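>>> Need a 3D model of the sequence below.
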Amino acid sequence: MKFIDDFLNKITMYRLVLQYLAVLLIAAAFASFFGLLSFNPANLAFSTLLILATCWLTNALFARVFSAEPNVESVYITGLILALIITPVSPDNYAGIGFLIFASVWAMASKYIFALEKKHIFNPAAFGVTLSAFLLNQSATWWISGSMALLPLVILGGFLIVRKIRREDLVASFTLVAFATILATAPTGNLVTPVLQTLSHSAFFFLALVMLTEPLTMPPSRWLRVTYAAIVGFLFAPNIHLGSFYFSPELALLIGNVFVYAVSPKGRPILTLVQRSKIAEGTYEFIFAPDRPLRFKAGQYMEWTLGHRFADDRGNRRFFTIASSPTEKVVRLGVKFYAPESSFKRALWSMRANESLSASHIAGDFVLPNDKKKKLVFIAGGIGVTPFRSMVQYLIDTKDTRPVTLLYSNKTASEVAYRNVFDRAAQEIGMKTVYALTDEPVPLLGTHNGFIDRALIEQEVPDYKERVFYISGPHGMVTAFEKMLRDMGVSRFNIKTDYFPGFA
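Numbers count the residues shown, from 1 in each chain. Just a heads-up that it's a prediction; the model follows:
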């Protein structure tokens with residue numbers, strides 16, 4: 001699995017999804033050419049191009065009308081999803097062409113018209129085909145998930161997406177509830193047939209692995225995600241109905257979206273740059289003033305969108321931890337700059353005071369436990385310290401003196417970020433910080449010369465088996481510490497790792 005994880009760590013979530021959908025369409029073209037699908041490749045190409053052109057034009061129009069920053073990557077993702085769930089049509093099928101255009105227009109329009117405080121509520125593709133079903137009496141066939149020739153590729157690519165965003169709990173909840181409902185409502189004595197039909201001839205895999213996992217229509221925390229998936233899974237079961245009305249897969253997803261909106265932070269805040277300052281070698285902090293108070297928990301992340309020309313293959317959106325505390329009025333972003341820099345980081349660096357970017361999707365379970373009696377250990381590597389800056393500042397501001405030890409690793413002392421906050425925490429709330437420096441040529445007073453290893457943990461945290469460990473840093477570092485702590489006898493329930501569905 002290591003080579004898979006290495007690949008996934010080098011690609012953003014949105015780019016992975018876009019490439020996966022493109023591969024499915026190319027595979028479908030080959031399958032149709034060899035007669036494995038009921039339509040020909042020319043119709044598939046025509047329908048796909050028509051959908052993409054309609055989505056692009058509609059999004060450009062609405063972005064201009066609503067003065068919004070267009071995101072071309074999301075436009076293509078929505079368009080490709082529509083192409084994969086609506087049966088392709090020929091150029092002389094005017095009714096079918098009307099269906100494609102109508103669904104595409106409303107898929108993109110839903111992101112602007114059905115948005116509250118600049119945050120869209122519904123999965124765009126699901127909204128487009130649902131509205132088409134009600135008004136045009138034409139429905140999505142979900143042909144990509146029902147094609148046995150392409151099903152292995154659907155599952156394989158979907159597995160990569162779920163592994164990338166680490167939402168196995170979401171898919172598991174959807175699957176368990178969906179099949180429990182299917183079996184509970186199946187005709188007596190015939191339980192095998194509905195299960196086989198669901199797995200081989202329905203929207204099950206594509207819905208669960210691709211559309212259900214869209215980050216912007218997902219709840220902010222684990223148990224809310226599990227509940228969301230359970231709602232969609234229950235309504236997905238084909239025998240669930242209200243009188244003579246039966247739920248379609250896309251309608252089940254939209255109802256789940258309403259639940260997500262109800263339990264999630266509202267709005268899409270605009271952040272205006274106030275100041276940029278150097279806080280360590282190669283690391284800078286950007287301080288923004290939000291146009292409205294942000295509601296979040298210390299340690300959570302959000303998606304930052306910065307429109308810029310000539311975006312590289314990682315696009316104009318990034319997930320970053322919020323470095324500020326919920327008690328602060330400003331929003332802090334700590335960024336480490338590496339060479340070569342991404343186009344996003346170059347655009348961020350070029351921002352001037354009073355220029356703005358937008359943010360959305362505040363989420364994450366890497367937060368302080370509610371039980372203040374629990375003793376904690378924070379392990380950070382490099383810029384992975386940002387969630388701990390948020391947590392520690394929150395502890396200082398709330399005068400929370402729970403036992404906390406921070407083990408913070410960098411190559412040299414010049415790379416240590418937010419030391420002023422951690423030194424203040426030592427004085428005001430009694431927090432202990434150990435700075436581990438791996439490449440400092442001369443040992444410095446008050447630091448550990450070397451790596452954070454088992455010996456250092458046993459020395460600095462003798463009661464480590466009673467502690468909850470929080471680990472944040474590069475993926476390889478986090479994985480290595482997880483294994484080491486488990487080998488030391490730390491329960492896996494006492495190990496929490498920082499994760500968000502994208503890397504800068």
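>>> Just the strands from the stretch 1-150 of the chain, written as ranges.
Taking DSSP state E, counting those that start in this stretch as the criterion, the stretch 1-150 of the chain carries its strands at 115-116, 119-120.
>>> how about these in JSON lines, adding mean neighbour count and mean pLDDT?
(Each C-beta comes from the backbone N, C-alpha and C, glycine too.) As requested, these are exported to JSON lines (neighbours: other C-beta atoms under 10 Å; pLDDT from 0 to 100):
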{"stretch": "strand 115-116", "mean neighbour count": "14", "mean pLDDT": "78"}
{"stretch": "strand 119-120", "mean neighbour count": "19", "mean pLDDT": "80"}
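>>> Can you give me the distance of the nearest residue to residue 356 once chain neighbours are set aside to residue 388?
Nearest residue to residue 356 in three dimensions, chain neighbours excluded: residue 272, at 4.7 Å (C-beta to C-beta, 6 or more residues apart in numbering). Residue 272 sits 26 Å away from residue 388, going by C-beta to C-beta, to the nearest Å.
>>> Could you check which of those two has the larger neighbour count?
Shown here are residue 272 and residue 388; by other C-beta atoms under 10 Å, residue 388 has more neighbours (29 against 15).
>>> So the more buried one: helix, strand or coil?
helix (DSSP: H, G, I helix; E, B strand; the rest coil).
>>> so what's it up against?
Taking C-beta atoms under 8 Å, 6 or more residues apart in numbering, we find residue 388 in contact with 299, 378, 380, 406, 408, 470, 472.
>>> SS state for residue 444?
Three-state assignment for residue 444 (three-state DSSP): coil.
>>> Name the nearest residue to it, ignoring sequence neighbours.
Using C-beta to C-beta, 6+ apart, the nearest residue to residue 444 is residue 413, at 5.7 Å.
>>> Equivalent analysis for residue 376, please.
In space, and not counting its chain neighbours, residue 376 is closest to residue 404: 4.8 Å by C-beta to C-beta, 6+ apart.
>>> how many other residues sit next to the one you found?
24.
>>> For it, grab phi and psi.
Residue 404 adopts backbone torsions of phi -140, psi 130, taken as degrees, to the nearest 10.
>>> how close does it get to residue 470?
10 Å.
>>> cool, residue 285 as well?
Counting by C-beta to C-beta, the gap from residue 285 to residue 470 is 21 Å.
>>> which of those two has more neighbours?
More neighbours surround residue 470 than the other of residue 285 and residue 470, with 25 against 20 (other C-beta under 10 Å).
>>> thinking that one is in contact with residue 378, fair?
Yes. Using C-beta atoms under 8 Å, residue 470 is in contact with residue 378, at 5.0 Å.
>>> what's the average pLDDT for stretch 235-244?
For stretch 235-244, the mean per-residue pLDDT is 90.
>>> quick revisit: residues that sit against both of residue 404 and residue 470, list them.
Between them, residue 404 and residue 470 share the contacting residues 376, 377, 378, judged by C-beta under 8 Å, 6+ apart.
>>> Restricting to C-alpha, output the helix or strand harbouring the last one in CSV.
When you say that, I think you mean residue 378. Using DSSP states H and E, residue 378 falls within strand 375-381. Extracted in CSV, the C-alpha atoms of strand 375-381 (Å, rounded to 0.1, in the frame of the first residue of the first chain):
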residue,chain,number,x,y,z
LYS,A,375,-3.7,14.4,29.9
LEU,A,376,-2.4,15.2,26.4
VAL,A,377,0.8,15.0,24.3
PHE,A,378,1.2,17.0,21.1
ILE,A,379,3.8,15.8,18.6
ALA,A,380,4.5,18.2,15.7
GLY,A,381,6.8,18.2,12.8
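>>> and it, what does it pack onto?
helix 386-397, strand 404-410, strand 467-472 (3 or more C-beta pairs under 8 Å, 6 or more residues apart in numbering; DSSP states H and E).
>>> relative to helix 386-397, how tilted is it?
With axes from the mean of the first three to the mean of the last three C-alpha atoms, to 10 degrees defining the directions, strand 375-381 sits at 140 degrees from helix 386-397.
>>> and strand 375-381, how far from the chain's centre?
On the basis of C-alpha atoms, centre = their mean, to the nearest Å, strand 375-381 sits 24 Å off its chain's mean C-alpha point.
>>> Name the strands paired with it and say parallel or antiparallel.
strand 404-410 (parallel), strand 467-472 (parallel) (DSSP bridges).
>>> Now do the same contact list for the residue nearest to residue 74 when sequence neighbours are not counted.
Of all residues not flanking residue 74 in the chain, residue 14 sits nearest, at 7.1 Å (C-beta to C-beta, 6+ apart). Taking C-beta under 8 Å, 6+ apart, we find residue 14 in contact with 73, 74, 77, 315, 317, 502.
>>> quick check, nearest of those to residue 167?
Of all these, residue 502 has the smallest distance to residue 167: 12.9 Å, by C-beta to C-beta.
>>> Each with direction, which strands does the helix or strand containing residue 278 pair with?
Under the criterion of DSSP H and E, residue 278 resides in strand 270-280. Strand 270-280 has its sheet partners listed here by DSSP bridges as strand 283-290 (antiparallel), strand 356-363 (antiparallel).
>>> between these, which gets the lowest average pLDDT?
strand 356-363 (a mean of 89).
>>> Would you indicate which residues of that one are buried?
Neighbour counts over strand 356-363 (16 or more other C-beta atoms under 10 Å) mark 357, 358, 359, 360, 361, 362, 363 as buried.
>>> Same question for stretch 37-51.
For stretch 37-51, burial by neighbour count (16+ other C-beta under 10 Å) applies to 37, 41, 43, 44, 46, 47, 48, 50, 51.
>>> Distance to residue 266 and pLDDT for those residues - can I get that in CSV?
Below are those laid out as CSV (distance: C-beta to C-beta, whole Å; pLDDT from 0 to 100):
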residue, distance to residue 266, pLDDT
37, 43, 93
41, 44, 96
43, 42, 97
44, 40, 97
46, 40, 98
47, 36, 98
48, 35, 98
50, 35, 98
51, 31, 98
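>>> hmm, which two among those are most spread apart?
The distance between the two most remote of the buried residues of stretch 37-51 (C-beta to C-beta) is 18.2 Å, for 37 and 50.
>>> picking that back up, now the strand holding residue 278, how far from the chain's geometric center?
Centroid separation for strand 270-280 versus its chain: 24 Å, with C-alpha atoms, centre = their mean.
>>> Name the residues that touch it?
The contact list for strand 270-280 (C-beta under 8 Å, 6+ apart) reads 284-291, 304, 330-331, 334, 351-359, 410, 414-418.
>>> Using CSV, please lay out the strands of the stretch 1-150 of the chain together with distance to residue 178.
Formatted as CSV, those follow (distance: least, C-beta to C-beta, whole Å):
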stretch, distance to residue 178
strand 115-116, 29
strand 119-120, 25
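>>> how about those, which one is nearest residue 153?
When those are compared by C-beta to C-beta, strand 119-120 sits nearest residue 153, at 29.0 Å.
>>> circling back to that earlier point, return the member of the buried residues of strand 356-363 nearest to residue 59.
Nearest member of those to residue 59, counting by C-beta to C-beta, is residue 358, at 15.6 Å.
>>> and the spatially closest residue to that closest one that is not a sequence neighbour, how far is that from residue 351?
Using C-beta to C-beta, 6+ apart and skipping the chain neighbours, the partner closest in space to residue 358 is residue 305 (4.8 Å). Residue 305 is 13 Å from residue 351, where distance means C-beta to C-beta.
>>> again with residue 281
21 Å.
>>> Looking at these two, which is more packed in?
A count of neighbours by other C-beta under 10 Å puts residue 351 above the other of residue 281 and residue 351, at 17 against 14.
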